[in-house]
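Peer 1: Quick one: sequence and predicted model below, then my questions.
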Amino acid sequence: MKTIHGGKKKNDKIDSKKIADLMRANHLPVGYVYPKQLRATRDLLRRRIRFITIRAEAYTHIQTVFRQNCTIISPGDVKNKKTRRQLSAKLNDKQLISSIEMDLDVIDNFDALLKPIEAEIRAKAKHHDRTTLNLLFTVPEIGDMMSLVILYEIGDINRFPSPQNFSSYCRIVKCERESGGKKTKGGFQKIGNPYLKWALSEIIIHAPTTSPAIKKFIVFMIEKAGKKTAQRIITHKFGVAIYYMLKNKQGFDEQRFIQSEMK
């Protein structure tokens with residue numbers, strides 16, 4: 001399409017010829033048409049992610065305020081619905097108390113908003129693709145809402161010809177460019193689906209809490225390659241595993257997941 005915009009002269013006749021040339025040479029990329037019946041639920045899930053992001057910012061801000069005033073509170077203290085309203089009593093400044101109360105109001109309001117939305121999404125998903133949802137549930141500590149994000153953002157797994165294409169779409173691999181025999185990495189990192197990247201990144205945070213084998217594997221990879229590199233490798237492995245799970249209609253195999261690297 002850059003060919004069309006790069007010319008000095010532009011009119012409908014020239015545009016039509018250039019588009020026809022691109023189509024004849026098979027240089028015009030074809031996009032995936034997401035199923036119409038799934039779009040509303042996918043968009044509602046995306047809106048939910050936005051809401052939980054704002055709520056998470058409120059959680060973090062409360063902890064930051066206390067840390068700035070030389071008082072450490074845990075995330076559990078902020079998330080405890082029964083006692084978190086008592087946190088402001090630990091502060092003496094009226095403006096800081098108002099700031100904390102405002103954050104708590106945001107958290108309480110969003111808790112009330114998210115609960116019926118999540119129930120609605122769960123009920124709808126059972127009628128869309130229950131088989132794929134059950135396969136995703138076999139991944140350790142993936143959770144129902146995380147499974148739904150992956151389910152609705154992928155659509156049809158068969159639209160990806162290989163796990164490499166799927167991993168690239170999920171933004172879990174680095175882009176590599178080569179010129180004159182020199183290879184460079186970086187750039188074009190935001191091409192793909194940000195919601196799948198978020199979901200796959202969350203898996204490696206929660207999976208070790210329920211799977212001792214995966215926890216041991218993550219520790220092994222961190223010692224072997226460093227924390228950041230290990231996280232990228234494991235996130236990529238989860239992406240490839242999910243691709244083959246959905247492609248072959250098989251559940252998550254924990255031993256197969258870790259054995260290639262642990263040898």
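Peer 2: Done, it's in.
Peer 1: for stretch 16-29, which positions count as buried?
Peer 2: Under the neighbour-count criterion of 16 or more other C-beta atoms under 10 Å, stretch 16-29 has residue 18 buried. Any C-beta I mention is one placed from the backbone N, CA and C, and that applies to glycine too.
Peer 1: Stretch 81-91 now?
Peer 2: Neighbour counts over stretch 81-91 (16+ other C-beta under 10 Å) mark 84, 87-88, 91 as buried.
Peer 1: what helix or strand does the nearest residue to residue 114 once chain neighbours are set aside sit in?
Peer 2: The shortest distance from residue 114 to any non-neighbouring residue, by C-beta to C-beta, 6 or more residues apart in numbering, is to residue 51 (5.9 Å). Following DSSP states H and E, one finds residue 51 within helix 36-68.
Peer 1: What average pLDDT does that helix get?
Peer 2: Mean per-residue pLDDT for helix 36-68: 92.
Peer 1: wait, what's in contact with the residue positioned nearest the centre of the chain?
Peer 2: Nearest to the mean C-alpha position of the chain, by C-alpha atoms, centre = their mean, lies residue 198 at 1.9 Å. By C-beta atoms under 8 Å, 6 or more residues apart in numbering, the contact set of residue 198 is 49, 149.
Peer 1: Which parts of the protein are strands?
Peer 2: Listed in chain order, the strands of the chain (DSSP state E) span 176-179, 182-185.
Peer 1: Mind giving me the packing neighbours of the last one?
Peer 2: Using 3 or more C-beta pairs under 8 Å, 6 or more residues apart in numbering; DSSP states H and E, the elements in contact with strand 182-185 are strand 176-179.
Peer 1: Please compute how far the strand it packs on lies from its chain's middle.
Peer 2: With C-alpha atoms, centre = their mean, to the nearest Å as the basis, strand 176-179 stands 27 Å off its chain's centre.
Peer 1: Sheet partners, orientation included, of it?
Peer 2: strand 182-185 (antiparallel) (DSSP bridges).
Peer 1: and the partner strand, average pLDDT?
Peer 2: What strand 182-185 shows for mean pLDDT is 73.
Peer 1: again with stretch 90-102
Peer 2: For stretch 90-102, the mean pLDDT works out to 90.
Peer 1: Please identify the buried residues of it?
Peer 2: Neighbour counts using 16+ other C-beta under 10 Å place 91, 96-97, 99-100 of stretch 90-102 among the buried residues.
Peer 1: Most widely separated two among those?
Peer 2: 91 and 99 (9.1 Å; C-beta to C-beta).
Peer 1: Which residues are in contact with each of these two?
Peer 2: What both residue 91 and residue 99 touch, as defined by C-beta under 8 Å, 6+ apart, is the set residue 65.
Peer 1: The stretch 51-200 of the chain: helices as residue ranges?
Peer 2: Ranges of helices in the stretch 51-200 of the chain, per DSSP state H, counting those that start in this stretch, are 75-79, 94-128, 130-136, 144-154, 163-169, 194-206.
Peer 1: Tabulate these (a markdown table), appending distance to residue 223.
Peer 2: What follows is the helices of the stretch 51-200 of the chain, written out as a markdown table (distance: least, C-beta to C-beta, whole Å):
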| stretch | distance to residue 223 |
| --- | --- |
| helix 75-79 | 27 |
| helix 94-128 | 37 |
| helix 130-136 | 30 |
| helix 144-154 | 27 |
| helix 163-169 | 24 |
| helix 194-206 | 16 |
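Peer 1: Among these, show me which one is buried the most.
Peer 2: Compared across those, helix 144-154 shows the largest average neighbour count, a mean of 21 (mean count of other C-beta atoms under 10 Å).
Peer 1: For residue 245, see how far away residue 232 is.
Peer 2: Note on residue 232: its distance to residue 245, by C-beta to C-beta, to the nearest Å, is 20 Å.
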